[in-house]
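Student: I'd like to go over a predicted model; first the sequence, then the structure.
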2 protein chains.
Amino acid sequence: MQDVARFAGVSIATVSNVINRPEKVSAATTEQVRAAIAELGFVRNDAARSLATGTTSSIGMVLADLDNSLFVDMAHGAQQGADAVGLRLLIGNAACDMTRQDDYLRLFDEARVGGVLLSPMEDSLAGIERMRSHGRPMVLLNFEQSGADCCTVLVDNEEAGYVAARHLVETGRTRIGFVAGRDYYQPVHARRLGVQRAVRETGGVELEEIGTDGLGFEDGLAVAHDLAGRAADRRPDGIVAVTDEIANGIAEGLHATSAVQVPGDIAVVGCEDNRSARSGPVALTAVQLEGAAMGQAAAELLLEEMKTPAGEHRHRTVMIRPGLVVRASTAVPAPQA
Amino acid sequence: MQDVARFAGVSIATVSNVINRPEKVSAATTEQVRAAIAELGFVRNDAARSLATGTTSSIGMVLADLDNSLFVDMAHGAQQGADAVGLRLLIGNAACDMTRQDDYLRLFDEARVGGVLLSPMEDSLAGIERMRSHGRPMVLLNFEQSGADCCTVLVDNEEAGYVAARHLVETGRTRIGFVAGRDYYQPVHARRLGVQRAVRETGGVELEEIGTDGLGFEDGLAVAHDLAGRAADRRPDGIVAVTDEIANGIAEGLHATSAVQVPGDIAVVGCEDNRSARSGPVALTAVQLEGAAMGQAAAELLLEEMKTPAGEHRHRTVMIRPGLVVRASTAVPAPQA
DNA sequence: CTGAAAGCGCTTACAG
DNA sequence: CTGAAAGCGCTTACAG
């Protein structure tokens, strides 16, 4: 900047003004300074700028796992929200590693970013409190952190279960199966409640809750094996699987035996619509967790907090309603079938 | 830091030393300072640090499209490389938008990151030159940028085509089809050459090159339609599709007619092994582009350049050999078939 | 082992 | 409209 000023024959204050408040500088001077900047290939030192102003033009986002498309969707949404106000979104991928998540939190804290978006996998109260105690705006995505003093964006998982089960009922299924692991994970519990509500609301529909060990493809296969061994009238004709992976495991397992057809004999719905799970034998109908909407809502909450004077901000929790993406796995059976 | 120094009854220089060179400070003093830091919740201001030292502890990575798992793989690899030397990886997602790509390049430049990893979609010479003229280390991934003055990591696309075709030949296929769009994209051209080489090397194998308009699922469907209409001896028994999407389109199209079986009548190989393309009716055998290996190699080249005195560094190009992931779409037909 | 002081490159009132 | 000067929060030789 020194060099630019010298080259253009002005003071460094003027150079700074040309960059930041061009309206305060005469056209002629502006021209000279711009020419000097171009000639010298000058790039403003952001560290110095942010030291002097105490602000940054970027916000940080720490994601639990980029391999999971839900988080990529969140990044898209947040990006859009940030773009709208000219902020840049920097992403740190924790890759399921809590230590790394903490590293990124610290990095963003030290870098004095304008704010942080965090989508954690596990309890992260310590990191959150550290951030908050430094007065840094922060919003949580897709995780209900008890005790956390910040805004949160959640998807309504109870509604997700409800929507999935409703869809089956509305397409004529009457014996609903809910396949899930234990209620240790918050979303599992919530989706179960939603399914139960949908069944309760509807006359003439039964619910069977089928337990699994885990939440993966293998668990779905095991369930399929069980189902295939039952008499036709002793098994569900519609299944809500708590994860896409389980859903695909079920579809694959049934497909392999070829004794039971999907969707002919059993319709299957997943609860996530995750791109990384699109490997099943039938395209999977799934509840859409609206990652992009979550990301955008989170960015908006963050921006709101960033521009609100400290002390006046009131935390909010935004609940996103899930959608439904209908595909082949719940197609209505042909009339004569 | 002022506050910490006052609180601990030492000078700020000592605080700085405790943080950065603890060995230069007596144990007792260190203890007091640490206590003060903990008590006050002090966080080093990274902007000031980087202004004073002229260095940063992070490197930037600009990715063309996080929705494409190849780029996520690259991020994983780069992360690993950066972790190994204690650098943090900051990700910017261009999301297929060249303007945004340029924004991130500028952001990282202004932030004076230690170096930048760029995986572009299109010619990005201007941005690269700007970066280089500021002396910032930079390495390119998965793109041959003519005129670019920096290290590059590429996957060997000629080899990818070769590996795919070899696999078909080795599993007994003798009439190979190569399905691709025009050679406008560098990788398409290279993969074609590889397929041709594999066929040329092998006796008794024919090659048919089938053109498509684009590189997507629809294009594959169209090819399937054509194929299904041919007599059995007039169509290939093994197909290399230049993209996974085309491959899945072909498999889906053939599956729908059910006149031609995959892999029974025709085996299909894709050339990318992209997770977002895993929606076909048969699990797809595909050449694996080794995104993680590319990312790691790129990080290593970057770190090498970062620690080499300016002027002494010599740019290199690293070529990664693709692998092969065998799945159902190229299973050998049962003997009696 | 510890402290006083200069400097990193910018921004921002404040004079002129 | 433009410039001189202080200050942002740290680091780093250099004395002591």
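Tutor: Received the coordinates, thanks.

Student: And what about the residue in the stretch 201-337 of chain A that DNA strand D sits nearest to, helix, strand or coil?
Tutor: Residue of the stretch 201-337 of chain A nearest DNA strand D, by C-beta to the nearest atom of the strand: A:A310 (15.1 Å). To be clear about C-beta, it is placed using only N, CA and C from the backbone, and glycine gets the same treatment. Three-state assignment for A:A310 (DSSP: H, G, I helix; E, B strand; the rest coil): coil.

Student: Pretty sure it sits against A:G135.
Tutor: Yes: between A:A310 and A:G135 there is a contact at 6.5 Å, judged by C-beta atoms under 8 Å.

Student: tell me the domain boundaries of chain A?
Tutor: A:2-44, A:56-153+A:291-313, A:157-289+A:325-330 (automatic domain parsing).

Student: could you dump those to JSON lines with mean pLDDT and distance to B:S26?
Tutor: Shown next, in JSON lines, are the domains of chain A (pLDDT from 0 to 100; distance: least, C-beta to C-beta, whole Å):
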{"stretch": "domain A:2-44", "mean pLDDT": "88", "distance to B:S26": "40"}
{"stretch": "domain A:56-153+A:291-313", "mean pLDDT": "94", "distance to B:S26": "26"}
{"stretch": "domain A:157-289+A:325-330", "mean pLDDT": "94", "distance to B:S26": "49"}
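
Student: Could you dump the ones you listed into TSV and include mean neighbour count?
Tutor: Output for those, formatted as TSV (neighbours: other C-beta atoms under 10 Å in any protein chain shown):
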stretch	mean neighbour count
domain A:2-44	15
domain A:56-153+A:291-313	21
domain A:157-289+A:325-330	21
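
Student: With distance to B:A35 as extra columns, can I get those domains in a markdown table?
Tutor: Shown next, in a markdown table, are the domains of chain A (distance: least, C-beta to C-beta, whole Å):
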| stretch | distance to B:A35 |
| --- | --- |
| domain A:2-44 | 38 |
| domain A:56-153+A:291-313 | 17 |
| domain A:157-289+A:325-330 | 38 |
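
Student: count of neighbours near whichever residue of chain A sits closest to DNA strand C?
Tutor: At 2.5 Å from DNA strand C, A:M1 is the closest residue in chain A, using C-beta to the nearest atom of the strand. By the criterion of other C-beta atoms under 10 Å in any protein chain shown, A:M1 has 17 neighbours.

Student: Which residues of the stretch 101-250 of chain A lie near chain B?
Tutor: When proximity is defined by C-beta under 8 Å from any C-beta of the partner chain, the stretch 101-250 of chain A lies next to chain B at A:D103, A:Y104, A:R106, A:L107, A:D109, A:E110, A:A111, A:R112, A:R130, A:S133, A:H134.

Student: in chain A, which spans are strands?
Tutor: Ranges of strands in chain A, per DSSP state E, are A:58-63, A:88-93, A:116-119, A:138-141, A:151-155, A:175-180, A:206-211, A:238-241, A:267-270, A:285-288, A:317-320, A:323-325.

Student: Is it possible to get CSV of those strands that adds distance to A:R49?
Tutor: Formatted as CSV, these follow (distance: least, C-beta to C-beta, whole Å):
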stretch, distance to A:R49
strand A:58-63, 12
strand A:88-93, 14
strand A:116-119, 20
strand A:138-141, 23
strand A:151-155, 28
strand A:175-180, 51
strand A:206-211, 57
strand A:238-241, 51
strand A:267-270, 47
strand A:285-288, 41
strand A:317-320, 33
strand A:323-325, 42
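
Student: do you know which of those strands lies nearest B:G214?
Tutor: Set against B:G214 and scored by C-beta to C-beta, those come closest in strand A:323-325, at 24.3 Å.

Student: Around DNA strand C, which positions in the stretch 51-200 of chain A sit nearby?
Tutor: Counting by C-beta under 7 Å from any atom of the strand, the residues of the stretch 51-200 of chain A close to DNA strand C are A:L51, A:A52, A:T53.

Student: Excluding sequence neighbours, find me the nearest residue to the first one.
Tutor: In this case it means A:L51. Of all residues not flanking A:L51 in the chain, B:A47 sits nearest, at 4.4 Å (C-beta to C-beta, 6 or more residues apart in numbering or on different chains).

Student: How many residues are close by that neighbour?
Tutor: 24.

Student: hang on, isn't it packed against A:T53?
Tutor: No: contact criterion C-beta under 8 Å: B:A47 and A:T53 do not qualify, at 9.6 Å.

Student: what ranges do the helices span in the stretch 1-150 of chain A?
Tutor: Counting by DSSP state H, counting those that start in this stretch, the stretch 1-150 of chain A has helices at residues A:2-8, A:12-20, A:27-40, A:46-53, A:69-84, A:98-110, A:125-133.

Student: what separates the shortest one from the chain centre, distance-wise?
Tutor: Between the centre of helix A:2-8 and the centre of its host chain there is 47 Å, according to C-alpha atoms, centre = their mean, to the nearest Å.

Student: Next: stretch A:58-67.
Tutor: 10 Å.

Student: From the opening residue of it to its closing one, how far?
Tutor: 24 Å (C-alpha to C-alpha, to the nearest Å).

Student: circling back to that earlier point, can you tell me which of the helices of the stretch 1-150 of chain A is nearest to A:F217?
Tutor: Using C-beta to C-beta, the helices of the stretch 1-150 of chain A put helix A:69-84 closest to A:F217, at 16.1 Å.

Student: now the closest one and helix B:69-84, what's the angle there?
Tutor: Here helix A:69-84 points in a direction 90 degrees away from that of helix B:69-84 (axes from the mean of the first three to the mean of the last three C-alpha atoms, to 10 degrees).

Student: And helix A:69-84, what does it pack against?
Tutor: Counting contacts by 3 or more C-beta pairs under 8 Å, 6 or more residues apart in numbering or on different chains; DSSP states H and E, helix A:69-84 packs against strand A:58-63, strand A:88-93, strand A:116-119, helix A:291-307, strand B:88-93.

Student: Kindly recompute the last result at 6 Å.
Tutor: strand A:58-63, strand A:88-93, helix A:291-307 (3 or more C-beta pairs under 6 Å, 6 or more residues apart in numbering or on different chains; DSSP states H and E).

Student: Arrange the ones you listed in a markdown table, one row each, with distance to chain B as further columns.
Tutor: Listed next are those as a markdown table, based on distance: least, C-beta to the nearest C-beta, whole Å:
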| stretch | distance to chain B |
| --- | --- |
| strand A:58-63 | 7 |
| strand A:88-93 | 4 |
| helix A:291-307 | 11 |
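
Student: closest one to B:R88 among the ones you listed?
Tutor: strand A:88-93 (7.4 Å).
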